[in-house]
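**Q** Sequence below, structure please.
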Amino acid sequence: ARQRQEAADAAECACEQRRWRRGVDRQRSLENKLKHDVARAAVISDAQLRMALGVSPELRGLKQSCLVAQASHQQTLLLLQQELREEEVKQHELVQLYKTELVRLNSHEQSFKKEIERREERLQLRHDLGMQTAWGL
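**A** Now for the predicted structure:
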């Protein structure tokens, strides 16, 4: 009796699993069909839009205006990008020039400091010699 009950439970469990799998398979099948239908509708809609654009002179003119405006905007964008690159090059050159000038100024400053030190040493030496001479008299 126990074995029959276990067998019945196992059969019921297998039956439940098959029903669940069929449900999952059905759901996947419906999802795939829906995806296919959506893609098909998009293709049809696109084709209908193209046909409408080709048939209506107003829409053709509007499409042409849009294409001209788009080309104009793309050209403007390219010109602005070129100007930006040129400006970046100019700024880079200016930075390099400032760096070079800063190095030159720092070099001059060091030279001036050394010259001032030498002059101060000479003045101190003259002062010391003057003091020795004054005391030596």
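
**Q** Nearest to the middle of the chain, which residue? Look it up for me.
**A** The centroid of the chain falls nearest to Gln81 when counting by C-alpha atoms, centre = their mean (14.9 Å).

**Q** So that one versus Val24, what's the distance?
**A** Distance, Gln81 to Val24, using C-beta to C-beta, to the nearest Å: 53 Å. To be clear about C-beta, it is placed using only N, CA and C from the backbone, and glycine gets the same treatment.

**Q** just to revisit the earlier point, what separation is there between the residue nearest to the centre of the chain and Gln75?
**A** Gln81 is 11 Å from Gln75, by C-beta to C-beta.

**Q** Now list whatever residues contact both of the two.
**A** Residues touching both Gln81 and Gln75 by C-beta atoms under 8 Å, 6 or more residues apart in numbering: none at all.

**Q** In three-state terms, label the residue nearest to the centre of the chain for me.
**A** Taken by DSSP: H, G, I helix; E, B strand; the rest coil, the conformation at Gln81 corresponds to helix.

**Q** shaky segments in this protein?
**A** Counting by pLDDT under 70, the ranges of the chain that qualify are 136-137.

**Q** How many residues are close by Gln74?
**A** The burial count assigned to Gln74 is 10, neighbours taken as other C-beta atoms under 10 Å.

**Q** how about Ser56, phi and psi?
**A** Here is the backbone geometry of Ser56 (degrees, to the nearest 10): phi -80, psi 120.

**Q** and what of the one 10 residues further on?
**A** When read as degrees, to the nearest 10, the backbone of Cys66 gives phi -60, psi -40.

**Q** about what we covered before: which residues does the residue nearest to the centre of the chain contact?
**A** Counted by C-beta under 8 Å, 6+ apart, Gln81 has zero contacts.

**Q** same question, Arg119
**A** Residues near Arg119 by C-beta under 8 Å, 6+ apart: none.

**Q** what about it, which SS state?
**A** Classification of Arg119 using three-state DSSP returns helix.

**Q** How much space separates it from Lys63?
**A** Distance of Arg119 to Lys63, given as C-beta to C-beta: 83 Å.
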